[in-house]
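S.K.: quick one, what's the 3D model for this:
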Amino acid sequence: MLTDHFAGDPRTNLERMEAGDLYIADDPEIGRRQQRAVALAARYQAAYAEDAAAARPVLAELLGALGEEAHVRPPLYVDYGSNITIGARTFVNYNLTALDVAAVVIGEDCQIGPNVQLLTPTHPVEPGPRRDKLEAAKPITIGDNVWLGGGVIVCPGVSIGDDSVIGAGSVVTRDVPAGVVALGNPARVVRSL
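M.R.: Presented below is the predicted three-dimensional model:
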């Protein structure tokens, strides 16, 4: 017997997702929004190859907010794009994966290395029917003047404080305070700045 996780909940899966609750990603509107993001990301990459400045309006259409003088090198991989905010003067290197089921907020004057992953989706870990189909999400917040080294992974629900540096290849599983260097797997604070 399959458990009905949503008995008595009249919301669509999109509405559950937007509320940060468990949902199943089979809602047609979720699929439409994901396809829009894939198409815009592909258009951005193609336009960037011809003229980086002329490609910026496509990126602005994809993202929720794009700060003045922010620069993102493609390819860029997102779930929706509309839940991503990139602050002014932030530089994002190649191959950012930002799974933005929940908000991904990147502050001003940040440096994001290549192959960084910002991952908001979560899945239940308790056994049970349909567990593999359920998702939820927790937002990620990256403060101002943060540096993320190449290959950094930031897990769901993490906040990184202003003026911090995360070492290359680190996996950030919990909040990082302002003004520190953190590194490793899981990332740990190694010194203050």
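
S.K.: just name the shakiest helix or strand of the protein by mean pLDDT.
M.R.: The weakest-scoring helix or strand in the chain, judged by mean pLDDT, DSSP states H and E, is strand 134-137 (a mean of 81).

S.K.: hmm, who's touching it?
M.R.: Strand 134-137 has contacts (Cβ atoms under 8 Å, 6 or more residues apart in numbering) with 5, 17, 20-25, 101-102, 120-124, 156. No exception for glycine: its C-beta is placed from N, CA and C like everyone else's.

S.K.: C-terminal to that strand, what's the next element?
M.R.: Proceeding C-terminally, strand 134-137 gives way to strand 140-142 as the next helix or strand, assigned by DSSP states H and E.

S.K.: of the contacts of strand 134-137, which belong to strands?
M.R.: Assigned to strands by DSSP state E, the following of the contacts of strand 134-137 qualify: Tyr23, Ile24, Pro121, Thr122.

S.K.: so what's Val171 bridging to?
M.R.: Val171 forms beta bridges with Ile153, as assigned by DSSP bridges.

S.K.: so it sits against Asn185, correct?
M.R.: Yes - shown here, Val171 and Asn185 form a contact pair, counting by Cβ atoms under 8 Å, at 4.3 Å.

S.K.: who has more neighbours out of the two?
M.R.: Val171 (16 against 11; other Cβ atoms under 10 Å).

S.K.: Ser159 versus that one, what's the distance?
M.R.: 15 Å (Cβ to Cβ, to the nearest Å).
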